[in-house]
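Asks: Okay, here's the prediction I keep looking at, along with the sequence it came from:
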Amino acid sequence: MKVVLAPIGTEGDVRPLASLARSLQDAGHETRFLVSPDLVEICTSVGVSAIPAGRPLKPEMERINKEGNGKPIQALKAMALALRNGISDEFDAHAPYGDWADLFVGSAPFQFATAAFAERRGVGGLLVGHVGSIVPSRFQPPPNVPRPLPRPFNSLIWRASFALMELAIGKRLASERAKLGLGRMVGGLRGQKLPILVAMDPGLWPMPADAPPHAHQCGYLRRPDEEELPREVEAFLANGDAPIYLGFGSMASEDSARTSRIVSEALQTTGMRAIVSQGWSTIAGASEQVLVCGHLPHTKLFPRMSVIVHHGGAGTSWTASRSGTPQVVVPHMMDQPGWASRLRALGLAAKPIPCQKLSANLLADGLMEAKAMGRGGARETMRKTLEERDGLAEAVALLESMAPSTR
C-alpha cells in the first residue's frame, strides 16, 4: 500500500500522523509524509523521512495564537485566513504524488487537498483528528466552543462555522479543485463525506451518538518516546521532591516576560520545584528550583512529575492522562477550552485557568489543588484504561481495510 500523509498544524497534529507513518512502514507499506519545513525534525524523531512542503508554519501559527488566545471568534477568523492562504501550497505539495498513492491521509477538518486528490484518483482518503468534537453533531458544538449547548444551538453553530469557512476559502478551494478537473464539493464543506478517524480514546473524548457511518474512532496515535531524558533533567529529578512540569507547547505568548513572572511567583508561593518547557512562549526563569528546557520526551517525563501544567492540546492531554499525574490546564484557543472542561469533569485536572486570566494566585491555587488530588482514584483508573489501547494498530488495520487490493 502506498500512502500519502499530509498533516496541517503544529506538533500536536504532526506527531500523531508521523507515528502512524512509522507504523505503516513497519507493517511493510510505503509512505510519503508532507509537512511544513519547520516541523521536519518532529518526523525524524520517530524515524520518518519527511518531505518539506509549503511555507514555514511557525510564523503563521504565532500570529493565530496571539490573535486568538481566549477569543474563539478571532481564532476562527485567523485560522480561516491562514487556510485560505495555504490551500494552494497544500495542493502543490500533493501534486507530485497524486498518481502514486493508493490512499491519502490528512488532518481533519482542514486538509482539503486530501479529499480532492483521493476523489481525482478514485482511491480511498481519510481525515484524522484528535478530539471527538470534530464530528458535526447536534449533541456538541465545534472544537472551538468549550461546552455543549442546547441541541438547536449546537446545530446552529455548526452551520454558522461551515458558512464562515465557505465564505473564507470556498472560491480558492473551487479554483484548486478545478485545476484537477473536479467541480465544487457537493453541499460545500458541509457535504464532505470523506471518512473521518477520531484518533482519541473514547474514555477521554468519545464521538457523539449521532456520528455518521463514515466516522470511526481508535486510540490516540503515539509511539513510546525513544529518546532518553537529558542528563541535566535526570540530575534535577534526583535532587529533590518530584517537581511540576509547566509548558504551553506551540502556544505563543503575547507577553512572555509576564508569563515567566507569573510562573516564578506561583512557584515561590507553593514552594514547588519545576521543569519548565519554553515552547513557543519562551518562558524563562531558571534557578536552583526551576530547570528551563526545550523539547522533552513527555511519555518518559510526565509519570515522574507531581503536577502537569499545560495548554490543553489533544496530544498533551492524552499523554498527561496516561501518566496518571494530576493536571492544571491553561487553555488558549480552539479545542483547548473543551479539553480543560472535560479533564476537569473526569477528575483528572484541577479547575482550569483560561490563559487571559492567568495570574500567580490562580496558578498557585491550581497547583495546590492538583497536588492534593494525588495519583490515585480517577487518575489511576484512566491511566490503566489508556495503557490498554493500541491506537496505532487500530489505525493501520483501518487503512489496510480501505485498500484491500494492496494489502
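Replies: Here it is on my side, so go on.
Asks: what residue ranges in the protein are flagged as low confidence?
Replies: For the chain, applying pLDDT under 70 flags the ranges 58-79, 146-148, 186-188, 191, 250-256, 279-286, 404-407.
Asks: Packing partners of whatever helix or strand residue 236 lives in?
Replies: In this structure, residue 236 sits in helix 231-238 according to DSSP states H and E. Packing partners of helix 231-238 (3 or more Cβ pairs under 8 Å, 6 or more residues apart in numbering; DSSP states H and E): strand 290-293. Yep, even glycine has a C-beta here, placed from its N, CA and C like the rest.
Asks: Parallel or antiparallel, list what pairs with the strand it packs on.
Replies: strand 274-277 (parallel) (DSSP bridges).
Asks: So what touches the strand it pairs with?
Replies: Under the contact criterion Cβ atoms under 8 Å, 6 or more residues apart in numbering, strand 274-277 has outside partners 233, 236, 243-247, 249, 263, 267, 283, 285-286, 289-296, 301, 305.
Asks: What subset of those residues is buried?
Replies: 233, 236, 243-247, 249, 263, 267, 283, 285, 289-293, 296, 301, 305 (16 or more other Cβ atoms under 10 Å).
Asks: Can you report how many residues lie near residue 54?
Replies: Close neighbours of residue 54, defined as other Cβ atoms under 10 Å, add up to 18.
Asks: next one: residue 232
Replies: Count around residue 232 with other Cβ under 10 Å applied: 10.
Asks: Residue 319 too?
Replies: Neighbours around residue 319, by other Cβ under 10 Å: 23.
Asks: about what we covered before: which strands or helices does the helix or strand following the helix holding residue 236 pack on?
Replies: Counting by DSSP H and E, the next helix or strand C-terminal to helix 231-238 is strand 244-247. Counting contacts by 3+ Cβ pairs under 8 Å, 6+ apart, strand 244-247 is packed against strand 274-277, strand 307-310.
Asks: can you redo those strands as JSON lines with distance to residue 158?
Replies: Shown next, in JSON lines, are the helices and strands packed on strand 244-247 (distance: least, Cβ to Cβ, whole Å):
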{"stretch": "strand 274-277", "distance to residue 158": "35"}
{"stretch": "strand 307-310", "distance to residue 158": "28"}
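Asks: Need the winner for burial among these.
Replies: strand 307-310 (a mean of 28; mean count of other Cβ atoms under 10 Å).
Asks: which residues are in contact with that one?
Replies: With Cβ under 8 Å, 6+ apart, strand 307-310 has contacts from 244-249, 272, 302, 316-317, 320, 323, 325-330, 363, 366-367, 370-371.
Asks: can you give me the helices for the chain?
Replies: 11-26, 40-45, 58-68, 72-94, 112-121, 151-179, 231-238, 256-270, 298-301, 314-323, 336-345, 360-373, 377-387, 391-402 (DSSP state H).
Asks: With respect to residue 133, which of those lies nearest?
Replies: Closest approach to residue 133 among the helices of the chain (Cβ to Cβ): helix 336-345, 6.2 Å.
Asks: Determine the set of other helices and strands touching that closest one.
Replies: helix 314-323, strand 327-329.
Asks: Quickly note the distance from residue 225 to residue 42.
Replies: 12 Å (Cβ to Cβ, to the nearest Å).
Asks: These two: who's more crowded?
Replies: Neighbours were counted for residue 225 and for residue 42 using other Cβ under 10 Å; residue 42 has more, 19 against 16.
Asks: can you pull the contacts of the more buried one?
Replies: Residue 42 neighbours (Cβ under 8 Å, 6+ apart): 11, 14, 15, 18, 35.
Asks: My understanding was that the second one contacts residue 6; is that so?
Replies: No: the pair residue 14 and residue 6 does not pass the contact test of Cβ atoms under 8 Å, sitting 10.1 Å apart.
Asks: Now do the shared contacts for these two.
Replies: What both residue 14 and residue 6 touch, as defined by Cβ under 8 Å, 6+ apart, is the set residue 35.
Asks: contacting residues around residue 103?
Replies: Shown in contact with residue 103 (Cβ under 8 Å, 6+ apart): 1, 2, 3, 4, 118, 123, 124, 125, 126, 399, 402, 403.
Asks: how many neighbours does the last one have?
Replies: Summarising burial for residue 403: neighbours were counted as other Cβ under 10 Å, giving 17.
Asks: again with the fifth one
Replies: Residue 118 is flanked by 24 other residues according to other Cβ under 10 Å.
Asks: any idea how far it lies from residue 98?
Replies: Residue 118 is 10 Å from residue 98, by Cβ to Cβ.
Asks: Tell me which residues touch residue 52, please.
Replies: Contacts of residue 52 by Cβ under 8 Å, 6+ apart are 35, 36, 37, 40.
Asks: Only whichever of those residues are buried, select them in ChimeraX.
Replies: The ChimeraX command for the buried members of these (criterion: 16+ other Cβ under 10 Å) is given here:
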select :35,36,40
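Asks: So which of the contacts of residue 52 is the closest to residue 355?
Replies: The closest of these, once distances to residue 355 are taken by Cβ to Cβ, is residue 36, at 23.9 Å.
Asks: The closest one touches residue 53, doesn't it?
Replies: Yes: under the criterion of Cβ under 8 Å, residue 36 makes contact with residue 53 at 6.9 Å.
Asks: List the buried residues in stretch 350-361.
Replies: Those would be 350, 352, 353, 354, 355, 358, 360, for stretch 350-361 by 16+ other Cβ under 10 Å.
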